[in-house]
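*Asks:* I'll drop the sequence and a predicted model, then ask my questions.
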Amino acid sequence: MRDLPDNGPVVMVNFLRFRDQSADGDGTGWDAYLRYSANTAPLIKALGGAILWSGKPEGVAIGPPSTVLWDYIVLVRYPSRAAFLDMVTSADYARGNLHRENAVADHLILASTETFSRFPAR
C-alpha cells in the first residue's frame with residue numbers, strides 16, 4: 001500500500017471473521033473487537049478520519065455462493081493513505097491492536113480510492 005498514490009481520501013474496507021473465544025480468554029472475539037474499537041475510534045477521529053459504516057453481512061446477493069462469510073464489515077475513511085499508515089504504526093495503535101489480534105481469526109483490509117462520496121471532504 002505504501003507504493004500506491006496518495007492523492008486524498010482513502011476508504012479502508014475491513015472484512016472480519018471473529019474467533020468464538022478471544023485468544024486471551026477475555027470473552028468472545030466480538031468482546032475483544034469492541035475493546036479494539038474503543039481504543040482505535042479516537043485515533044481515527046484525531047486524524048480527521050471517520051467510521052462511515054459497519055454491519056453484519058447476511059448472505060451473497062449476486063455471485064457464487066460462499067461457504068465462508070465474513071462476520072463483520074467496516075468502512076473507515078481516512079484523509080490520506082499517509083494518515084492511515086501513521087496511525088497503524090503508532091505506539092497508541094499498537095497498544096489497542098492487541099485486542100484486534102485476540103479478536104479475529106481472519107481480517108482483510110482493502111484500500112479503496114474514493115471516486116464518489118455523500119460525505120463532505122474535511
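*Replies:* Noted; the coordinates are in hand.
*Asks:* find the nearest non-adjacent residue to the most centrally placed residue in the chain, please.
*Replies:* Central residue of the chain (CA atoms, centre = their mean): residue 14, 4.2 Å from the mean position. The spatial neighbour of residue 14 that comes closest, neighbours along the chain excluded (CB to CB, 6 or more residues apart in numbering), is residue 74 at 4.2 Å. Glycine gets a C-beta too; all of them are placed from N, C-alpha and C.
*Asks:* ok, now residue 17?
*Replies:* Among residues not flanking residue 17 along the chain, residue 106 sits closest, at 4.2 Å (CB to CB, 6+ apart).
*Asks:* could I get the full set of strands for this protein?
*Replies:* Assignment of strands within the chain using DSSP state E yields the ranges 10-18, 50-55, 72-78, 104-113.
*Asks:* list the contacts of the top helix by length along the chain.
*Replies:* If you go by DSSP state H, the chain has its longest helix at helix 29-46. Residues outside helix 29-46 that contact it (CB atoms under 8 Å, 6 or more residues apart in numbering): 16, 18-24, 26, 50-51, 72, 76, 78, 87, 90, 92-93, 95-97, 99-100, 102-105.
*Asks:* PyMOL command for the buried members of those?
*Replies:* Command for PyMOL that selects the buried part of the contacts of helix 29-46, burial taken from 16 or more other CB atoms under 10 Å:
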select buried, resi 16+18+19+22+50+72+76+78+87+93+96+99+100+102+103+104
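*Asks:* still on that earlier bit, in the longest helix of the chain, what's buried?
*Replies:* Buried residues in helix 29-46 (16+ other CB under 10 Å): 29, 32, 33, 35, 36, 37, 39, 40, 43, 44.
*Asks:* pLDDT on it, on average?
*Replies:* The average of the pLDDT scores along helix 29-46 is 98.
*Asks:* for residue 55, see how far away the residue nearest to residue 17 is.
*Replies:* According to CB to CB, to the nearest Å, residue 106 and residue 55 sit 18 Å apart.
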